[in-house]
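Participant: just the structure for this:
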Amino acid sequence: MGELSWIQENQKWIVQYPDFLDLVRQQIQKDFGLEGFQMEFGSSDDLEDVYHKLYDQITRFVQQDFNGLMRLLYRIDISETKVQKQMDLIPDDTARAIAELIIKREVQKVILRKQFSTD
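Facilitator: Got it, this is the predicted structure:
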């Protein structure tokens with residue numbers, strides 16, 4: 001499972017903040033929803049489950065609505081340069097390259113919000 005090493009990298013946040021996974025799921029749902037796309041997660045979905053559901057959705061976008069996917073990436077704040085670099089690293093699976101970028105960015109948003117919140 002070396003391909004999902006970023007999950008282990010974020011394990012400390014999952015342990016430190018009990019609501020971390022909920023916040024990541026909510027952030028993804030919010031960003032997808034703002035572009036008119038639906039993402040459903042179960043309350044027991046861990047970060048790997050979230051990634052796999054995201055991967056499935058991105059696979060459909062790559063095949064059926066690439067323009068919608070590009071709007072979504074813009075909404076999430078992922079540049080074309082980052083997409084190209086990631087696709088150079090994972091040239092054989094566009095959906096995987098993009099899904100990894102999305103989940104990493106969404107996790108980053110939650111971490112930054114947690115670090116700078118006054119709660």
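Participant: hmm, who's touching the helix ranked longest in the chain?
Facilitator: For the chain, the helix reaching the highest residue count under DSSP state H is reported as helix 94-116. Here helix 94-116 makes contact (CB atoms under 8 Å, 6 or more residues apart in numbering) with 3, 6, 10, 13, 17, 20, 23-24, 27-28, 31, 47, 50-51, 54-55, 58-59, 61-62, 69, 72-73, 76-78, 82-83, 86-87, 89-90. The way it works is simple: take the backbone N, C-alpha and C, and place the C-beta from them, glycine included.
Participant: which of the residues in it are buried?
Facilitator: Within helix 94-116, the residues scored as buried using 16 or more other CB atoms under 10 Å are 94-107, 109-111.
Participant: now stretch 54-68
Facilitator: Buried residues in stretch 54-68, counted by 16+ other CB under 10 Å: 54-55, 57-59, 61-62.
Participant: pull the most distant pair out of these.
Facilitator: Maximum pairwise distance among the buried residues of stretch 54-68 (CB to CB): 12.4 Å, between Leu54 and Val62.
Participant: residues contacting stretch 56-75, please?
Facilitator: Residues from elsewhere that reach stretch 56-75 (CB under 8 Å, 6+ apart): 31-32, 34-35, 37, 39, 80, 83, 94-95, 98-99, 101-102.
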